[in-house]
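*Asks:* Just need the structure, nothing else, for what follows:
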Amino acid sequence: MTLRQKIKVAIAGVGNCASSLVQGVQYYRDREGDELEGVMQHSIGGYRCGDIEFVAAFDVDRRKVGRPLEEAIFAKPNCTRIFQSALPVSNVVVQMGPILDGVAEHMADYPEDAAFRPVDLEPTDIAAALRSSGAEILLCYLPVGSEQAVKHYAQACLDARVAMINCVPVFLASDPHWARRFRDAKVPIIGDDIKSQVGATIVHRMLARLFADRGVSIDRTYQLNTGGNTDFLNMLERRRLKSKKVSKTESVQSQFNDPLDARDIHIGPSDYVPWQKDNKVCFIRLEGRGFGGAPMELELRLSVQDSPNSAGVVIEAIRCAKLALERGIAGPLLAPSAYYMKSPPRQLRDSVAHEACNAFIEGRDFPLPEAESEAKLVVHPG
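*Replies:* Reported below is the predicted structural model:
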């Protein structure tokens, strides 16, 4: 039996999302048939979930730096669901990353079990560490608002010629300057800001399209989210929240035939509820008018485990990035980014993005719709 080639992955930020992903790779390693529930595609380009190998990891928390990855993913303040406690020895020790703007000041005001506690060590040379590990792809899982830190890792990817999957709302793939830099370096990138399997953003987008496709105009809408993990605690600092609100709002706005006035759309994290832990609860409301101007209102409550919901998409994106490396494709991957991310370089309707992503996986040409009709170019303030 021929052993399949491994996809060598590095992780920046060993938090809840990383924990769910690392658990998931082992959980699905040898599963077949009905046991593959929860995975969108069993095989992508011949690569299965279990073909992912973690070769490097970076964090700043004293309970994770210096520990093996298979132990660090269960260290506090991580609080995600444990569904695969038995993990193989990885020989990957978590290295110290640059702190820069990665830790919000208010974290110090919260209990140790709930907040980050940085260790006082010199940061690793990220580009050198990526080269020595043999990493092919870097996953960026840094906290929302870590603009400088995320760009530090992006530069390291360019220097080390390592592909990047940007799971956070710092605009790289969707920024023309960074997109050009990745193309020039012959490095692929998928981004920006991961769109969960069945999360608040994808559900809100689908509802917005349903209203529009059925001829119901939308007058106003909101999306409110609460959770108790470090992501929600981090976003209590409103200054760190700006990019997240832009990412989520533009993602939903892109599905309307005519964008709503800023006063009529409110989307974003609303509060930190410690006892919720990794459970995220979303409240969506749409108000519109149907036939004869008759009023219509829709309210929805969605409860999910936040980090597994994210990992179910990242495990797909990793394999798409590997295909790009094999095919020599550089710069932003438009179809995978449109399907997997909230703020891709090109916004598409999700049904179109799904078709385009499948065509990318199969190596088929797929004509993307014109930017001004089916898709809208992403524009970020500033």
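*Asks:* Is Ile165 in contact with Arg319, as I believe?
*Replies:* No. The pair Ile165 / Arg319 is not scored as a contact, 10.6 Å apart, by CB atoms under 8 Å. All C-beta atoms are positioned from the backbone trio N, CA, C, and that covers glycine.
*Asks:* between the two, which one's more packed in?
*Replies:* Ile165 (29 against 22; other CB atoms under 10 Å).
*Asks:* Would you agree the more buried one falls within a helix?
*Replies:* No. Using DSSP: H, G, I helix; E, B strand; the rest coil, the assignment for Ile165 is strand, not a helix.
*Asks:* quick one: contacts for it?
*Replies:* Ile137, Leu138, Leu139, Cys140, Ile189, Ile190, Gly191, Val314, Ala317, Ile318, Ala321 (CB atoms under 8 Å, 6 or more residues apart in numbering).
*Asks:* Now the longest helix seen in the chain: buried residues?
*Replies:* Longest helix in the chain by number of residues (criterion: DSSP state H): helix 306-327. For helix 306-327, burial by neighbour count (16 or more other CB atoms under 10 Å) applies to 306-325.
*Asks:* in the stretch 251-382 of the chain, what spans have low per-residue confidence?
*Replies:* Applying pLDDT under 70 to the stretch 251-382 of the chain flags the ranges 371-382.
*Asks:* show me where the chain has helices.
*Replies:* Under DSSP H, the chain gives helices at 16-27, 69-72, 126-133, 147-160, 176-184, 200-213, 230-234, 242-253, 306-327, 334-340, 350-362.
*Asks:* Does the third one pack against any helices or strands, and if so which?
*Replies:* Okay, so that is helix 126-133. strand 7-12, strand 52-59, helix 147-160 (3 or more CB pairs under 8 Å, 6 or more residues apart in numbering; DSSP states H and E).
*Asks:* partners of the first one in the sheet?
*Replies:* Here strand 7-12 is paired, per DSSP bridges, with strand 52-59 (parallel), strand 137-140 (parallel).
*Asks:* what's the closest of those to Phe74?
*Replies:* strand 52-59 (13.1 Å; CB to CB).
*Asks:* Taking helix 306-327 as reference, get the angle to the closest one.
*Replies:* Interaxial angle of strand 52-59 relative to helix 306-327 (axes from the mean of the first three to the mean of the last three CA atoms, to 10 degrees): 120 degrees.
*Asks:* Contacts for strand 52-59, please.
*Replies:* Taking CB under 8 Å, 6+ apart as the rule, strand 52-59 contacts 6-15, 18, 22, 25, 65, 69, 72, 90, 92-97, 124, 126, 129-130, 133-135, 153, 315, 318-319.
*Asks:* Give me the mean pLDDT for that strand.
*Replies:* For strand 52-59, the mean pLDDT works out to 98.
*Asks:* follow-up on the earlier one: tell me which of the helices of the chain lies nearest to Tyr110.
*Replies:* helix 230-234 (6.3 Å).
*Asks:* Contact partners for Ser351?
*Replies:* Ser351 touches nothing, counting by CB under 8 Å, 6+ apart.
*Asks:* Kindly provide the distance from it to Gly227.
*Replies:* 29 Å (CB to CB, to the nearest Å).
*Asks:* and if you look at Trp275?
*Replies:* 11 Å.
*Asks:* Looking at those two, which is more packed in?
*Replies:* The neighbour count for Trp275 versus Gly227, taken as other CB under 10 Å, is higher for Gly227 (24 against 6).
*Asks:* does that one have beta-bridge partners, and which?
*Replies:* With DSSP bridges as the criterion, Gly227 is bridged to Tyr272.
*Asks:* What residues does the closest residue in space to Pro336 that isn't next to it in sequence make contact with?
*Replies:* Spatial nearest neighbour of Pro336, excluding adjacent residues (CB to CB, 6 or more residues apart in numbering): Cys320 at 4.2 Å. Going by CB under 8 Å, 6+ apart, Cys320 touches Ile44, Ile190, Leu333, Pro336, Tyr340, Cys357, Phe360, Ile361.
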